[in-house]
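>>> Provided below for reference: sequence and predicted model.
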Amino acid sequence: MLEDSLIISYPTDTTAVLAFSGDWTLHSIKCDRKQLQHELLSHAGLKAIMLDTRRLGRWDSQFLNLLQHLTDFARENGFQLDTGSLPEGVNRLLNLGQAVAEREGARRRKPGFSMLYRIGALTLAGWREALRFTEFAGELLLSLLRLLTGKAGFRGIDFLRFLQAAGPEALPIVSLIAVLVGAVLAFVGAVQLQMFGAEIYVANLVGLGSLREMGAMMTAIIMAGRTGSAYAAQLGAMQVNDEIDALRTFGISVVDFLVLPRTLALLVMLPLLTLWANALGILGGVLVGVLVLDISLLEYMVQTRDSIGWDDLLVGMVKSILFAIVIAMSGCLRGLQCGKNSSAVGQATTSAMVTSILLIVIWDALTTILFNQLGI
């Protein structure tokens with residue numbers, strides 16, 4: 001099999017002898033177990049396998065792993081495996097490994113690598129996630145109805161803290177990004193419009209782009225990375241410390257007490273932040289138009305006023321409300337799904353942010369198509 005390291009002989013028609021020699025370690029031996037099993041199965045009438053380790057040198061987990069597979073192989077095919085010649089240390093480790101039954105599901109199944117398998121696995125995973133999000137949305141809606149009927153409650157101080165975290169504390173980063181995005185939109189538009197002598201229409205581009213798309217989307221992405229991931233980390237840490245289980249033990253609804261105030265805080269603050277981002281986005285366009293394109297301030301503002309309307313503002317507000325729900329649900333759901341170890345908290349935080357941004361882009365595309373079809 002492995003030339004001098006493993007030699008198979010057949011002293012009788014029913015017996016195979018596996019003679020090991022030299023060092024059997026992870027760095028010195030690479031044994032093809034499938035080839036070994038095929039060789040043994042190809043010998044008709046085989047009933048017993050004997051191990052000869054008289055010339056065996058150093059060994060480690062590589063040798064033990066092979067012996068464990070040989071043991072399973074002999075048991076499955078009805079062969080008698082003679083391990084009497086094994087070193088005492090090897091026998092002790094094998095007996096120790098067989099003393100405790102293997103936990104069901106502990107052994108990893110080797111996944112298929114066909115394209116059809118991958119498509120099926122991704123489809124099933126996506127379907128399960130969609131069902132879980134739908135279920136969680138129903139729980140959140142029922143919690144809101146209980147709040148309106150006075151049957152659900154949470155601490156007011158917690159709600160105020162969430163309002164502060166999702167609003168005033170996020171204002172600086174939202175302001176900076178909004179001004180820069182408005183300036184970038186103006187620069188991009190100016191490069192093309194200057195070729196036609198239509199620099200004034202930069203005001204239209206920045207105004208419509210900020211109100212309908214960029215104001216709500218950029219604010220939502222910032223809040224997904226800042227607030228949504230924070231929700232996942234907070235609830236994940238509570239899951240690790242068994243605080244979630246403690247609330248359930250006391251009969252307190254986790255959705256009512258933990259998820260609902262966070263969602264309401266985002267629903268209140270994200271539209272307000274979007275309004276602020278819209279104004280600063282237009283300000284960024286004004287700076288570029290006045291300082292770079294030599295457009296007068298009055299002319300730029302009049303052009304902006306004529307190009308935007310209340311329906312454009314309404315589109316951005318509707319999107320901001322949808323984005324707030326998506327961010328809160330993603331962050332809270334990933335936090336509640338968190339495992340019981342510290343690494344799971346980081347995974348939940350990352351997953352919350354990725355899920356939020358993905359859903360933000362999807363919902364933005366769907367609502368943009370819908371509003372265009374409706375002529376809004």
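Here it is on my side, so go on.

>>> rest of the way, CA atoms for contacts and neighbours
Fine.

>>> Residue 264: neighbour count?
For residue 264, the count of nearby residues is 17 (other C-alpha atoms under 10 Å).

>>> before we move on, what about residue 234?
Around residue 234 there are 17 residues (other C-alpha under 10 Å).

>>> how about the nearest residue to it, chain neighbours excluded?
Leaving aside its chain neighbours, residue 234 sits nearest to residue 335 (7.1 Å; criterion: C-alpha to C-alpha, 6 or more residues apart in numbering).

>>> by contact count, what packs against the host helix or strand of the one you found?
Using DSSP states H and E, residue 335 sits in helix 310-336. Packed against helix 310-336, as judged by 3 or more C-alpha pairs under 8 Å, 6 or more residues apart in numbering; DSSP states H and E, are the following elements: helix 115-148, helix 215-223, helix 229-240, helix 260-291, helix 342-374.

>>> try 6 Å this time
Counting by 3 or more C-alpha pairs under 6 Å, 6 or more residues apart in numbering; DSSP states H and E, the packing neighbours recorded for helix 310-336 are helix 229-240, helix 260-291, helix 342-374.

>>> quick one: average confidence on the first one?
Meaning helix 229-240. Helix 229-240 comes out with an average pLDDT of 90.

>>> Any chance of TSV for the helices and strands packed on helix 310-336, columns distance to residue 214?
Shown next, in TSV, are the helices and strands packed on helix 310-336 (distance: least, C-alpha to C-alpha, whole Å):
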stretch	distance to residue 214
helix 229-240	21
helix 260-291	8
helix 342-374	10
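
>>> mind listing the strands for the stretch 51-200 of the chain?
80-82 (DSSP state E, counting those that start in this stretch).

>>> Find the residue ranges of it scoring beneath the pLDDT cut-off.
97-113 (pLDDT under 70).

>>> could you pull out the helices for it?
61-77, 88-99, 115-148, 156-166, 171-193 (DSSP state H, counting those that start in this stretch).

>>> thinking again about what came up before, quick one: which of the helices and strands packed on helix 310-336 is nearest residue 74?
Among the helices and strands packed on helix 310-336, the nearest to residue 74 by C-alpha to C-alpha is helix 342-374 (39.7 Å).

>>> by how many degrees do that closest one and helix 310-336 diverge?
160 degrees (axes from the mean of the first three to the mean of the last three C-alpha atoms, to 10 degrees).

>>> Next one: residue 73 from residue 338, what distance?
39 Å (C-alpha to C-alpha, to the nearest Å).

>>> in which helix or strand would I find residue 301?
helix 297-307.

>>> tell me which residues in that helix are buried?
Across helix 297-307, burial judged by 16 or more other C-alpha atoms under 10 Å covers 300-301, 303-304, 307.

>>> Tell me how many other residues crowd the spatially closest residue to residue 46 that is not a sequence neighbour.
Spatially, and ignoring its direct neighbours in sequence, residue 46 is nearest to residue 14 (4.1 Å; C-alpha to C-alpha, 6+ apart). Number of residues near residue 14 (other C-alpha under 10 Å) recorded here: 14.

>>> Residue 14 reaches residue 44, doesn't it?
No. Shown here, residue 14 and residue 44 do not form a contact pair, counting by C-alpha atoms under 6 Å, at 8.1 Å.

>>> What about residue 21? Give its phi and psi, please.
In terms of degrees, to the nearest 10, the main-chain angles of residue 21 are phi -150, psi 160.

>>> quick one, what contacts the residue nearest to residue 234?
Counting by C-alpha atoms under 6 Å, 6 or more residues apart in numbering, residue 335 makes contact with 232, 235-236, 348.

>>> tell me the domain boundaries of the protein?
Following automatic domain parsing, one finds the domains of the chain at 6-99, 155-374.

>>> and of the ones you listed, who's closest to residue 132?
Between those, domain 155-374 lies closest to residue 132; by C-alpha to C-alpha that is 8.9 Å.

>>> and the closest one, how far out from the chain's middle?
20 Å (C-alpha atoms, centre = their mean, to the nearest Å).

>>> now residue 249: how far from residue 243?
For residue 249, the distance to residue 243 - C-alpha to C-alpha - is 10 Å.

>>> Comparing the two, which residue is more hemmed in?
Shown here are residue 249 and residue 243; by other C-alpha under 10 Å, residue 243 has more neighbours (14 against 10).

>>> wait, what's in contact with that one?
No contacts exist for residue 243 under C-alpha under 6 Å, 6+ apart.

>>> tell me the pLDDT at it?
For residue 243, pLDDT reads 89.

>>> From residue 337, how far out is it?
Relative to residue 337, residue 243 is positioned 14 Å away (C-alpha to C-alpha).

>>> With residue 50 instead?
Residue 50 is 50 Å from residue 337, by C-alpha to C-alpha.
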